[in-house]
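Asker: could you look at this predicted model? Sequence included:
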Amino acid sequence: MNNTHHTKEQAREFLIQEALNEICDITDFTKFYTHIYYILAKYGLQLNAKEDQLFSGDEWRNPARKEFLIRRVEQFLYKHIK
């Protein structure tokens, strides 16, 4: 049994990094939007995403905006994973 105790902040950072790793692993941009939605739903954040209008905007259809979208999702995660 592992007796390692993690602080709340360490656990938060771990969850955010896990989500971001999954997002960065998405290679097919045609599935980018859907996969991110599923990842956020896994953490129970789909309603927050709707309220914040995370998925609004034409950049979700533009593969050249992928890095921008990843940063946007990262900011969203830091705001909502507490």
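Answerer: Received the coordinates, thanks.
Asker: which regions of the protein sit below the pLDDT cut-off?
Answerer: Where the chain drops to pLDDT under 70, the residues are 1-5.
Asker: for it, what's the longest helix?
Answerer: When secondary structure is assigned using DSSP state H, the longest helix within the chain turns out to be helix 8-24.
Asker: other SSEs contacting the next helix or strand along the chain from it?
Answerer: In the C-terminal direction, the helix or strand that comes right after helix 8-24 (DSSP states H and E) is helix 32-42. Using 3 or more Cβ pairs under 8 Å, 6 or more residues apart in numbering; DSSP states H and E as the contact test, the elements touching helix 32-42 are helix 8-24, helix 46-51, helix 66-80. Every residue, glycine included, has its C-beta placed from N, CA and C.
Asker: pull out the buried residues from helix 32-42.
Answerer: Residues of helix 32-42 classed as buried: F32, I36, I39, L40 (neighbour count, 16 or more other Cβ atoms under 10 Å).
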